[in-house]
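Undergrad: Could you work out the structure for the sequence below:
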Amino acid sequence: MKFCFGISKILAAAFLLMPSLNACTACFGKTDEALAQGMNAGIYVMLVFVVAAWVLFGSFFVFIARRSKRVNAESEAGESPLV
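TA: As a prediction, this is how the structure comes out:
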């Protein structure tokens, strides 16, 4: 148990003493480095997926509304609706 506690002390000290581990490049003001560019690319990819999900979600309801309108029009005309 003492061994694990000693290792955790050493690791905690190492993390606290290394300034490069305390903040990302955006916090240091170096927004043109590769890490910041990769982080921005990841944000854009996630944004594309979220927007695509919202578009698909909205288009499903447009599809349901159009189909409902078509089925109602066909049933009022006396035709058998093809669902």
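Undergrad: Spatially nearest residue to K30, not counting backbone neighbours?
TA: Leaving out its chain neighbours, the residue that sits closest to K30 by Cβ to Cβ, 6 or more residues apart in numbering is A36, at 6.8 Å. Quick note: C-beta positions are derived from backbone N, CA and C, even for glycine.
Undergrad: Neighbours of the one you found, how many?
TA: If you count neighbours by other Cβ atoms under 10 Å, A36 ends up with 16.
Undergrad: Secondary structure element holding it?
TA: If you go by DSSP states H and E, A36 is part of helix 34-76.
Undergrad: rewinding a little: confirm for me that the residue nearest to K30 is in contact with I43.
TA: No: using Cβ atoms under 8 Å, A36 is not in contact with I43; the gap is 10.6 Å.
Undergrad: so T31, which of the three states?
TA: For T31, the assignment made with DSSP: H, G, I helix; E, B strand; the rest coil gives coil.
Undergrad: For it, grab phi and psi.
TA: Dihedral pair for T31: phi -80, psi 0, per degrees, to the nearest 10.
Undergrad: so how many other residues sit close to it?
TA: T31 has 12 neighbouring residues, counting by other Cβ under 10 Å.
Undergrad: where's it relative to Q37, distance?
TA: Using Cβ to Cβ, to the nearest Å, T31 is found at 8 Å from Q37.
Undergrad: Next one: the residue nearest to the spatial centre of the chain from F60, what distance?
TA: Centrality entry for the chain: nearest residue to the mean C-alpha point is M46, 3.9 Å, by Cα atoms, centre = their mean. Distance of M46 to F60, computed by Cβ to Cβ: 22 Å.
Undergrad: Repeat that for F15.
TA: Taking Cβ to Cβ, one finds F15 at 47 Å from F60.
Undergrad: chain center to stretch 63-74: distance?
TA: 34 Å (Cα atoms, centre = their mean, to the nearest Å).
Undergrad: go on, stretch 59-75?
TA: 31 Å.
Undergrad: then it to PDB, C-alphas only?
TA: The C-alpha trace of stretch 59-75 is given here as PDB (Å, rounded to 0.1, in the frame of the first residue of the first chain):
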ATOM      1  CA  SER A  59     -36.600  15.700 -42.800                       C
ATOM      2  CA  PHE A  60     -38.300  12.700 -41.200                       C
ATOM      3  CA  PHE A  61     -41.100  14.900 -40.000                       C
ATOM      4  CA  VAL A  62     -41.400  16.600 -43.400                       C
ATOM      5  CA  PHE A  63     -41.700  13.100 -44.900                       C
ATOM      6  CA  ILE A  64     -44.400  12.100 -42.400                       C
ATOM      7  CA  ALA A  65     -46.400  15.400 -43.100                       C
ATOM      8  CA  ARG A  66     -46.300  15.000 -46.900                       C
ATOM      9  CA  ARG A  67     -47.300  11.300 -46.700                       C
ATOM     10  CA  SER A  68     -50.100  12.100 -44.400                       C
ATOM     11  CA  LYS A  69     -51.400  14.800 -46.700                       C
ATOM     12  CA  ARG A  70     -51.200  12.500 -49.700                       C
ATOM     13  CA  VAL A  71     -53.000   9.600 -47.900                       C
ATOM     14  CA  ASN A  72     -55.700  12.000 -46.800                       C
ATOM     15  CA  ALA A  73     -56.200  13.400 -50.300                       C
ATOM     16  CA  GLU A  74     -56.400   9.900 -51.800                       C
ATOM     17  CA  SER A  75     -58.900   8.700 -49.200                       C
END
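Undergrad: No further queries at this time; thank you.
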